[in-house]
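Engineer: Turn this into a model:
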Amino acid sequence: MSEPAPTPRTWGPRILEDGRVQFRLWAPAENAVTLLVGGHEIGMQAEDDGWHAVETDRARPGDAYTFRLADGSEIADPGSHAQKNGVEGPSVIVDHGRYAWQNPSWKGRPWEEAVVYELHIGTFTPEGTFRAAIEQLAHLRDIGITAIEIMPVAHFAGRRGWGYDGVLHYAPHNAYGTPDDLKALVDAAHGHGLMVLLDVVYNHFGPAGNILPRIAPPFFHPERHTPWGAALAFERQAVRRYFIENALHWIVDHRFDGLRFDATEEIEDESESHMLLEMAQTIRQAVPDRQIHLVVEDQFSRKGLLNRDGGIVHHYTAGWNDEFHHALHVIATGEQQGHYAAFVEKPYEALSAATARGFIHADRNRDRVGPAPQDPLPPQVNVNFLQNHDQIGNRAFGDRLVTVADPTLLNVMTALLLLAPPVPMMFMGEEYGEDRPFLYFADFEGDLARAVQEGRKKEAEKFGGLKPGQTIADLPDPVSEETLQRSKLDWSRAASPDGRQQIGFVRELIRLRQMHVAPLLAEEAPEPHVFSTEEGVLAIDWRFATATLGIRANFTREGRPWPAIGGEAIFELTAGTAPGPSIIVAVDRRRN
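Structural biologist: The predicted model follows:
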């Protein structure tokens, strides 16, 4: 079955039914624009509201093209679907209809089954490519992972980076491969029963290679700024369409199963219909026959974005639950700086609230995007994690929890992550105990490189700071090739005895989740009950229609009592003969 036709697209090249190619460029600051393609110079017609357009039969898929401005300079297409070289070089025409999908009938999986695995293409394998990543999909499937979440791949300046400085949002970064290579990865994942989500950044452009401030100054808001530069003018239709069509591009042309939206609190919009709501509505209307999952990272904890109607998602499927991570991190490490400062006083109380309900810092005064939030929301609107790219990579030395936390305590936390009702997410390598760092790296030069180097010093203070004996001079150089190489996974560790043991542990927890927890999530949202306990103990019951799921956990080195737990224990972990971190999870199927 073919995809429903979305709203006609305004950005990027479009191959028409008669074989001609349509090119469009929003350049209100330019009086005249010429298309250069296949050795031809073709004048573009100036339209209303700053658009320049042309349809031609002198362009073919695979041809390189640029736009020449009135001053003679040539630029890439901001809506480019592929680049021949870097972000400033020629763009390439892509015919998405030519890819032969091997799993065309894939419709996705229910969100209740989601066990998410975040990965960075450039460091996931030694080769760092889309095609190489395919070779590890069976490993993830066999563990029980059901969804991979790929860090941003939109084309950015240079050869290496995290991807959050993209400037050509429609073009996969060619250091990772071609658009067809990316489709092959998505296609292969579907063949293994894996959903694929893509991390997208719709709140700013990267600091290098962005031509829009020159050709389209109204793309940016003159009075608003984000932490990364000028804010985007979402009140303008051309800007809205750029990002909405970009989301459709990934979901329709590349068949991603969903998107993770970065830092949505920085998407400010004073329009009658907020950009975030229009984005979600348009996506869901365009692809009604597939299970599409939209996940937000939102520092405002806006629950209204996550409302449901009889189990049907209105707009966004889930949101990252940072509070769950921050509370656990304070418990595991004792760190008190930056993001962790607010969790130092009562970390166990915060952990209980974040596990039971999530988004504990939600403030309705800031939740003005959509309707009032429903209460209760189902637990699967929370995405929980012990680690992610931010929480590891923004640390001074990119150290993972396995290198700084007590092993038994970390196993208890892993069990809580995978068996509590919220959707769990793991960061690449976590399943086998990877101890190599994941560092921040970029590929900038000159003043920009120096600014990034200085910025890392400040960023590290937000994520635990420097340890005794460490100095600023010890920080890895973020613009060094070596920093990228140090961040690549060591797959030999997965094959080691310790690695295999940890994989077995994670596999069993996910098996138990799919057997006992996931089926409950299809029921009406439960009312969680948080028990009053001694400091260091967590005790929560989720009372679903057909069963109660109970979790009791002790995060201390002492033997501390917890409230009685009913039903059949499906998992139990203790520290052995001595008191210490422990957890028990039980399901009581007696009528509630």
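Engineer: quick one: the strands in the stretch 401-550 of the chain?
Structural biologist: 423-427, 527-530, 537-543, 548-554 (DSSP state E, counting those that start in this stretch).
Engineer: Contacts for the first one next, please.
Structural biologist: Contact partners of strand 423-427, identified using CB atoms under 8 Å, 6 or more residues apart in numbering, comprise 111, 114-119, 145, 149, 318, 380, 382-389, 392, 400, 417-418, 438, 506, 513. Placement of C-beta: from N, CA and C, glycine included.
Engineer: and residue 288, how far is that from residue 280?
Structural biologist: Counting by CB to CB, to the nearest Å, the separation of residue 288 from residue 280 is 13 Å.
Engineer: for stretch 145-159, how far is the first residue from the last?
Structural biologist: One end of stretch 145-159 sits 29 Å from the other (CA to CA, to the nearest Å).
Engineer: from the chain's centre, how far out does that stretch sit?
Structural biologist: Chain-centre distance of stretch 145-159: 8 Å, with CA atoms, centre = their mean, to the nearest Å.
Engineer: so what strands line up beside the strand or helix carrying residue 587?
Structural biologist: Using DSSP states H and E, the element containing residue 587 is strand 582-588. Note on strand 582-588: by DSSP bridges, its sheet partners are strand 548-554 (antiparallel), strand 568-573 (antiparallel).
Engineer: Mind listing residues that contact it?
Structural biologist: Under the contact criterion CB under 8 Å, 6+ apart, strand 582-588 has outside partners 412, 415-416, 419, 512, 516, 547-554, 565-575.
Engineer: if you set the cut-off to 7 Å instead, what comes out?
Structural biologist: With contact meaning CB atoms under 7 Å, 6 or more residues apart in numbering, strand 582-588 is reached by 412, 415-416, 419, 516, 547-554, 565-575.
Engineer: hang on, the earlier thing: residue 288 and residue 280: who's more crowded?
Structural biologist: Set side by side, residue 288 and residue 280 show more neighbours around residue 280, with 25 against 8, by other CB atoms under 10 Å.
Engineer: State whether that one and residue 315 are indeed in contact, as I suppose.
Structural biologist: Yes. Residue 280 lies in contact with residue 315 (CB atoms under 7 Å); the separation is 3.8 Å.
Engineer: which residues touch the lowest-mean-pLDDT helix or strand in the chain?
Structural biologist: Each helix and strand of the chain was given a mean pLDDT (mean pLDDT, DSSP states H and E); the minimum falls on helix 446-462 at a mean of 82. Here helix 446-462 makes contact (CB under 7 Å, 6+ apart) with 207-208, 337-339, 394-396, 440, 442, 444, 466, 472, 475, 477-479.
Engineer: for it, which positions count as buried?
Structural biologist: Using 16 or more other CB atoms under 10 Å as the test for burial, helix 446-462 gives 448, 449, 452, 453, 456, 459, 460.
Engineer: export it as PDB, just CAs?
Structural biologist: Once non-C-alpha atoms are left out, helix 446-462 reads as follows in PDB (Å, rounded to 0.1, in the frame of the first residue of the first chain):
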ATOM      1  CA  GLY A 446      39.300  29.100  13.900                       C
ATOM      2  CA  ASP A 447      37.300  31.200  16.200                       C
ATOM      3  CA  LEU A 448      34.400  28.800  16.100                       C
ATOM      4  CA  ALA A 449      36.600  25.900  17.300                       C
ATOM      5  CA  ARG A 450      38.000  28.100  20.100                       C
ATOM      6  CA  ALA A 451      34.500  29.100  21.100                       C
ATOM      7  CA  VAL A 452      33.500  25.400  21.300                       C
ATOM      8  CA  GLN A 453      36.500  24.600  23.400                       C
ATOM      9  CA  GLU A 454      35.700  27.300  25.800                       C
ATOM     10  CA  GLY A 455      32.000  26.300  25.900                       C
ATOM     11  CA  ARG A 456      32.800  22.700  26.900                       C
ATOM     12  CA  LYS A 457      34.400  24.000  30.100                       C
ATOM     13  CA  LYS A 458      31.100  25.700  31.100                       C
ATOM     14  CA  GLU A 459      29.000  22.800  30.000                       C
ATOM     15  CA  ALA A 460      30.900  20.300  32.100                       C
ATOM     16  CA  GLU A 461      29.900  22.300  35.200                       C
ATOM     17  CA  LYS A 462      26.300  21.500  34.600                       C
END
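Engineer: Quick check: PyMOL command selecting the buried ones in the contacts of helix 446-462.
Structural biologist: Buried residues among those (16+ other CB under 10 Å), as a PyMOL selection:
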select buried, resi 207+208+338+339+394+395+396+440+442+444+466+475+478+479
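Engineer: just checking, next helix/strand downstream of the host helix or strand of residue 180?
Structural biologist: Using DSSP H and E, the element containing residue 180 is helix 179-191. Under the assignment DSSP H and E, the closest C-terminal helix or strand after helix 179-191 is strand 195-200.
Engineer: Note down every partner strand of that following strand and its orientation.
Structural biologist: When pairs are called by DSSP bridges, strand 195-200 turns out to pair with strand 147-150 (parallel), strand 258-261 (parallel).
Engineer: Centre of the chain to whichever helix or strand comes after the last one, how far?
Structural biologist: With elements assigned by DSSP H and E, the helix or strand that comes after strand 258-261 is helix 275-286. Once both centres are worked out by CA atoms, centre = their mean, helix 275-286 turns out to sit 18 Å from its chain's centre.
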